[in-house]
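Student: Provided below are the primary sequence and the corresponding predicted coordinates.
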Amino acid sequence: MSEQRPSDDFASLLISHQRPIYAFLVALIPDPTERDDVYQQTCLLLWEKRAEYDPARRFFPWACGFARNKAFEHLRRRRREAPALSPDTLVRIAAAREIGEPIAAARRMALDACIRKLSDQQRDLLRQRYMARVPLKDLADLLETSAAALTMRLQRIRHALLRCIEHAIATAEGR
Amino acid sequence: MSHDGHSPCSMPPVDDEFFMLIGRLCDGVATHEDCARLDQHLADHAAVECYCAVLELEASLQWWWQAAPAEHSFPTLEEIVATAAAVPQPMPAAPPRYTAWRRGADWLAAAESVAGRVEIEPLRLSATLLLAALTLGLVAAVNGGWGGWLPWTAVARVKESPRPADALAAIRAVDRGEWREGTAARAASDWLPAGTRLDLVRGLVEISYLTGATVVLEGPASFEVSGPGTGRLERGRLTATLHKPRASFAIQTPTAVVTDRGTQFGVEVNEHGATDVRVFQGLVELAAAGLADGSPVLQLAAGQAGEVDTHGHTALVAAPAPKKFVTSVAVAGSRRRDPRPYAWDDSAAVTLLEDAFIVAGSARQAGALHGTTPSGRGGAASWIAPSAGWQVDPVAGGLAVTAAGAAFLPFRPEPGFVYRLSVELHVQSGGSGWAAVGFAERPTVEAPTLDHAWMLQRHSTTLQSHRSARIPNAAFAGPGEQGRLPSGDVLTGPQVRSVVLDTTGPQWRAFFLVGDTLVGDCRIDARGRSIRYVGLSVFADTTATLRNFSLESFRPLSP
């Protein structure tokens, strides 16, 4: 690919990092709709700033700077309307998430196998929650349970997946 | 964030309350008190690591399930809803009858006449096109389809037999397939549960995954459907195509893991297990099987090739030898089904609102649209519109719009129906503005940028594809919007634009049509329940003439 233009290289970099950038934003913005907006704004901003990128630098930290600024800008506005973590906490999370990308990538690779190990009922619940994006309260009504009980069920599944993922990574590393 | 042998969530101060608080934050039910309490937990670095791991999982689950097919392929939720929602559904009008109605799809018929194989050489996409796909979340559009419904299309063709609960994929087509002796012979329409192994001696097999990927296997080859988003190629050659945005698909081989990020690529495994990968579109990650040997993960872009040898060493291939990969298998003989993910009983259409924008034969006076009642159906409803620049032509008919603004009629959708909102739209001039039709919560000129299902068209043919993050439910479909129209379709002169709002499921959806051609779809978020208007919008420097505005309702097809 020696004939590639700089913009081609940048587009490839941007595309190859779209999921890590998205995952970075997840740690800062739990609401998926709001996060999608900030993610798109970040991608557009990165493209606008492509001339400023120095290929000698690592792309992910450079991109994270813009993602972090976009996220904080959004959260500052949102904080006036809805509950949110404090700015100090968000700064700590952003810093940890930025340097933690390699292990996060390994976790993503392990997720498929772990989801398959869940029971049918657990998978169905995740499907309803994440694929259909049914709001928690509506889903609780549909399942004739309380929102609190449903939160607990989802929490147990997340916990099980976390344990499975960590086990898979440890196994892959030969420990 | 180190990974030094313990789970990030296994150490104090991580406790049940901490998990509960994160869960409430993820589920959108956290209070100010919850956030304050979580702030206290997150003063500790170990808690921050755990928080990041849990939120990473949250993101992965969303990507994973967004990669799954639309609700049509997973009846579980619909069944639950059907049971739970045992309340009478109000009807705008009584439907005369319900029939299984399918509209012909000429382009599908044309596609059937294409020769049995499509062979391609690796190609390169322009950076602009890649960026457009990225920013729009429309990698599928780059692949030549519309993310969200192409995979459904593929799966729909094998729905003749009931889908087993554990099915992950189905065989879409077989071309001269010959199976290894002693193994099961497979045919089109066969469902493939996890662990299904395909031992092909010769011929071609096309496999559609429910998660939105297509694999074309070339015999001789041994392949296993190993997971919802994974397959294992022991030997032979395949081409994988991922149709859905944000989805992920991986091919495992004896020596490598090839992870697809919304692309098309070919993989070949030789008799010794060495893996050769070619990327046709988008980008893939190539890694040696297993994480222990420290080999780098190669990022391969369109046109590039990589290999993993039998020792697990990965390498970029500078000058790959030419190879042909088969990317699709023609379905011979049978007529394909209507691929659209919505269907209604056309004979039971009820016109709720209708305005041909004419003066003759109607009670309307020539001149401004504002305050007039529709020339067709509409009861006592009157247009809310600008006082100037939106004029009904008294001679030729039609609504001539020469100034930015929007016009609305009141309408409130009921759950359980399919609505089709249509207008004949002729955009005559303009650049970055638009002419649009859609559903609104408030009768404001910003409705297409704020509200629900809107379909917009620009006049310019030179603008790059662009969809603002502020317009999550709008589908631009003008000639400047790449990837939204079938190739070769040129928008000149008047075109009928339709937005179909489907309120029959728990997740409302909208579909966008140019004439009878589906050009896109989207999900409608919870705010869709607040729709109170249908309307038209013309923005910025655009001028347009509009005719034959109508809103119809249909009952969905009976099961």
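Tutor: Looks like it arrived, so ask away.
Student: From chain A, how far out is residue B:215?
Tutor: Going from residue B:215 to chain A by Cβ to the nearest Cβ, to the nearest Å gives 16 Å. The C-beta positions use only the backbone N, C-alpha and C, and glycine is treated the same way.
Student: ok, that residue to residue B:208 distance?
Tutor: Here residue B:215 is placed at a distance of 8 Å from residue B:208 (Cβ to Cβ, to the nearest Å).
Student: How about residue B:396?
Tutor: Residue B:396 is 49 Å from residue B:208, by Cβ to Cβ.
Student: Neighbour count: these two, which is higher?
Tutor: residue B:208 (26 against 11; other Cβ atoms under 10 Å in any protein chain shown).
Student: mind listing what residue B:391 touches?
Tutor: The contact partners of residue B:391, by Cβ atoms under 8 Å, 6 or more residues apart in numbering or on different chains, come to B:367-369, B:399-400, B:402.
Student: Mind listing the strands the host helix or strand of it pairs with, and their directions?
Tutor: Element membership for residue B:391 (DSSP states H and E) is strand B:390-392. On the basis of DSSP bridges, the sheet neighbours of strand B:390-392 come out as strand B:367-368 (antiparallel), strand B:399-401 (antiparallel).
Student: Let me see the mean pLDDT of the first one.
Tutor: Meaning strand B:367-368. Averaging pLDDT along strand B:367-368 gives 85.
Student: Any buried residues in whatever helix or strand residue A:43 lives in, and which?
Tutor: Following DSSP H and E, one finds residue A:43 within helix A:32-48. Applying a neighbour-count criterion of 16 or more other Cβ atoms under 10 Å in any protein chain shown, one finds A:32, A:34-44, A:46-47 buried in helix A:32-48.
Student: and it with chain B, contact?
Tutor: Yes - using Cβ under 8 Å from any Cβ of the partner chain, helix A:32-48 comes into contact with chain B via A:32-33, A:36-38, A:40-41, A:43-44, A:47.
Student: how about those in a markdown table, adding pLDDT?
Tutor: Converted to a markdown table, those look like this (pLDDT from 0 to 100):
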| residue | pLDDT |
| --- | --- |
| A:32 | 71 |
| A:33 | 69 |
| A:36 | 73 |
| A:37 | 75 |
| A:38 | 84 |
| A:40 | 75 |
| A:41 | 80 |
| A:43 | 80 |
| A:44 | 78 |
| A:47 | 80 |
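Student: where along chain B do the helices fall?
Tutor: Assignment of helices within chain B using DSSP state H yields the ranges B:16-26, B:32-41, B:45-66, B:75-84, B:106-112, B:127-136, B:139-142, B:150-156, B:447-450.
Student: for chain A, same thing?
Tutor: So, for chain A - with DSSP H - the helices run A:6-16, A:18-28, A:32-48, A:59-79, A:87-99, A:101-116, A:120-126, A:136-142, A:147-172.
Student: Tell me which of those helices sits most buried.
Tutor: helix A:18-28 (a mean of 24; mean count of other Cβ atoms under 10 Å in any protein chain shown).
Student: Who are the packing partners of it?
Tutor: helix A:32-48, helix A:59-79, helix A:87-99, helix A:101-116, helix B:45-66 (3 or more Cβ pairs under 8 Å, 6 or more residues apart in numbering or on different chains; DSSP states H and E).
Student: Mind putting those helices into TSV with distance to residue A:153?
Tutor: Shown next, in TSV, are the helices and strands packed on helix A:18-28 (distance: least, Cβ to Cβ, whole Å):
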stretch	distance to residue A:153
helix A:32-48	19
helix A:59-79	28
helix A:87-99	26
helix A:101-116	16
helix B:45-66	14
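Student: can you tell which of those is closest to residue B:299?
Tutor: In terms of Cβ to Cβ, the element of those nearest to residue B:299 is helix A:59-79, at 10.5 Å.
Student: among the helices and strands packed on helix A:18-28, which is nearest residue B:422?
Tutor: That would be helix A:32-48 among the helices and strands packed on helix A:18-28, by Cβ to Cβ, at 28.4 Å.
Student: And the residue of chain A that's closest to chain B?
Tutor: residue A:100 (3.0 Å; Cβ to the nearest Cβ).
Student: in chain B, which strand has the most residues?
Tutor: Ranked by residue count under DSSP state E, the longest strand found in chain B is strand B:213-227.
Student: List the strands paired with it, with their directions.
Tutor: Strand B:213-227 has its sheet partners listed here by DSSP bridges as strand B:197-209 (antiparallel), strand B:230-242 (antiparallel).
Student: and it, C-alpha only, in PDB?
Tutor: The C-alpha trace of strand B:213-227 is given here as PDB (Å, rounded to 0.1, in the frame of the first residue of the first chain):
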ATOM      1  CA  ALA B 213     -22.500 -11.900   8.100                       C
ATOM      2  CA  THR B 214     -22.400 -13.900   4.900                       C
ATOM      3  CA  VAL B 215     -19.800 -16.600   4.200                       C
ATOM      4  CA  VAL B 216     -19.300 -18.100   0.700                       C
ATOM      5  CA  LEU B 217     -17.400 -21.400   1.100                       C
ATOM      6  CA  GLU B 218     -15.500 -22.800  -1.900                       C
ATOM      7  CA  GLY B 219     -14.900 -26.600  -2.000                       C
ATOM      8  CA  PRO B 220     -12.800 -28.400  -1.100                       C
ATOM      9  CA  ALA B 221     -13.200 -26.900   2.400                       C
ATOM     10  CA  SER B 222     -14.000 -27.700   6.000                       C
ATOM     11  CA  PHE B 223     -15.900 -25.100   7.900                       C
ATOM     12  CA  GLU B 224     -17.600 -25.000  11.300                       C
ATOM     13  CA  VAL B 225     -20.300 -22.600  12.500                       C
ATOM     14  CA  SER B 226     -18.600 -22.000  15.800                       C
ATOM     15  CA  GLY B 227     -20.600 -19.100  17.200                       C
END
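Student: Let me see the mean pLDDT of it.
Tutor: Computed over strand B:213-227, the average pLDDT equals 89.
Student: buried residues in that strand?
Tutor: For strand B:213-227, by 16+ other Cβ under 10 Å, it's B:213-227.
Student: circling back to that earlier point, just put the strands paired with strand B:390-392 in TSV and tack on mean neighbour count.
Tutor: Formatted as TSV, the strands paired with strand B:390-392 follow (neighbours: other Cβ atoms under 10 Å in any protein chain shown):
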stretch	mean neighbour count
strand B:367-368	16
strand B:399-401	23
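Student: Throw those strands into TSV and include distance to residue A:21, thanks.
Tutor: Below are these laid out as TSV (distance: least, Cβ to Cβ, whole Å):
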stretch	distance to residue A:21
strand B:367-368	49
strand B:399-401	40
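Student: who wins for proximity to residue A:22 among the ones you listed?
Tutor: Going by Cβ to Cβ, the one of the strands paired with strand B:390-392 nearest residue A:22 is strand B:399-401, 39.1 Å.
Student: contact partners of the closest one?
Tutor: By Cβ under 8 Å, 6+ apart, strand B:399-401 touches B:357, B:369, B:389-393, B:407, B:435, B:536, B:538, B:542-547, B:549.
Student: Quick check: mean pLDDT of that strand?
Tutor: Mean predicted confidence for strand B:399-401 is 92.
Student: on that earlier part again, can you tell me which of the strands paired with strand B:213-227 is packed in deepest?
Tutor: strand B:230-242 (a mean of 23).
Student: That one to helix A:101-116, inter-axis angle?
Tutor: Going by axes from the mean of the first three to the mean of the last three Cα atoms, to 10 degrees, strand B:230-242 is angled at 110 degrees with respect to helix A:101-116.
Student: just how off-centre is stretch A:78-91 within its chain?
Tutor: 18 Å (Cα atoms, centre = their mean, to the nearest Å).
Student: hang on, isn't residue B:385 packed against residue B:405?
Tutor: Yes - in this structure, residue B:385 is within contact of residue B:405 by Cβ atoms under 8 Å, at 6.9 Å.
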